[in-house]
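**Student:** Sharing a sequence plus its predicted fold:
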Amino acid sequence: SLLMGGTAQGVNSSIPHALMIAGIEVAASTAIGVAGGFILVFFARRIHDKVMLLLISLALILINCGVSMYFNLSPILINMAVGIVAVNRNKIISGRIFSALGDWSPPMYVLFFVLIGTRLEFNLLVKYGILIAVYIVARTAGKWVSTYLGATVSKAPLKIRKYLGFTMLSQAGVAIGLALSASKTLDAYGKTAESVQVISVMTITTFLIMLIGPVCAKIALFKANEAKVYK
């Protein structure tokens with residue numbers, strides 16, 4: 001509301017109020033996710049059938065998404081909190097959950113990216129060309145510089161300082177998920193053009209970055225002598 005032009009329908013849209021709303025959303029999403037994580041671990045301890053564990057895990061994810069929609073919270077943050085609790089609570093159980101979901105997730109990834117691909121219009125590549133170029137350059141520079149500085153401060157080996165940033169260039173699900181959320185919010189405020197711009201730029205940049213990201217990661221791993229070719 002604050003960024004979309006100030007007060008909307010009599011709602012207080014001052015900076016402190018906006019920060020308070022954002023803080024409540026983050027805190028509530030995290031709390032629900034943490035509670036869901038403990039619930040998932042509780043049931044996973046007692047379930048040894050992989051299919052049943054898959055169903056329980058999917059049910060919790062869908063419930064979290066429904067709760068997030070009803071209370072206008074972040075489904076990404078809620079489910080991330082579930083995963084954080086699970087992996088820190090019991091790595092063996094989290095491994096079983098990951099294995100169960102892993103067999104089911106590939107077709108969902110394909111469906112997700114096909115649906116995103118339907119929003120990609122090539123004429124937008126020309127229209128937003130400068131913005132796309134600036135985004136890719138700024139994101140790549142930010143990734144490399146931040147990892148280099150972090151590795152330098154932590155006194156990591158030289159190969160980590162030089163090459164870690166190049167292994168982190170790929171962009172996929174979370175970025176597009178956040179872009180979709182932002183797009184829906186812009187649509188709700190009647191900012192249709194801005195909504196199309198956000199989702200188009202993120203879709204196009206994800207497509208381009210995923211072409212070069214894996215290649216850069218492979219080169220960096222071989223340069224750092226962390227990968228070998230077996231004949």
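**Tutor:** Arrived safely.

**Student:** so after the helix or strand hosting Leu115, what's the next helix or strand?
**Tutor:** Here Leu115, judged by DSSP states H and E, is contained in helix 105-117. Downstream of helix 105-117, the next assigned helix or strand under DSSP H and E is helix 122-127.

**Student:** Can you give me the buried ones in that following helix?
**Tutor:** For helix 122-127, a neighbour-count test (16 or more other Cβ atoms under 10 Å) marks Leu124 as buried. All C-beta spots, glycine's among them, are computed from the backbone N, C-alpha and C.

**Student:** now for the worst-scoring helix or strand of the chain on mean pLDDT, which elements pack on it?
**Tutor:** Here the helix or strand of the chain ranked lowest by mean pLDDT, DSSP states H and E is helix 105-117, holding a mean of 73. Applying 3 or more Cβ pairs under 8 Å, 6 or more residues apart in numbering; DSSP states H and E, one finds that helix 105-117 makes contact with helix 173-188, helix 192-223.

**Student:** can you pull the alpha-carbon coordinates of the shortest one into CSV?
**Tutor:** Output in CSV follows, covering the C-alpha atoms of helix 173-188 (Å, rounded to 0.1, in the frame of the first residue of the first chain):
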residue,chain,number,x,y,z
GLY,A,173,11.7,-21.7,-8.1
VAL,A,174,11.9,-19.3,-5.1
ALA,A,175,12.6,-16.3,-7.3
ILE,A,176,9.7,-17.0,-9.6
GLY,A,177,7.5,-17.8,-6.6
LEU,A,178,8.3,-14.4,-5.1
ALA,A,179,7.7,-12.7,-8.5
LEU,A,180,4.3,-14.3,-8.7
SER,A,181,3.4,-13.1,-5.3
ALA,A,182,4.6,-9.6,-6.2
SER,A,183,2.6,-9.8,-9.5
LYS,A,184,-0.6,-10.7,-7.7
THR,A,185,-0.1,-7.9,-5.2
LEU,A,186,0.4,-5.4,-8.1
ASP,A,187,-2.7,-6.7,-9.8
ALA,A,188,-4.7,-6.2,-6.6
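
**Student:** can you list contacts of it?
**Tutor:** Residues outside helix 173-188 that contact it (Cβ atoms under 8 Å, 6 or more residues apart in numbering) are 4, 74, 76, 109, 112, 116, 192, 194-196, 198-199, 202-203, 206.

**Student:** Now do the buried residues in it.
**Tutor:** For helix 173-188, using 16+ other Cβ under 10 Å, the buried residues are 175-177, 179-180, 183, 185-186.
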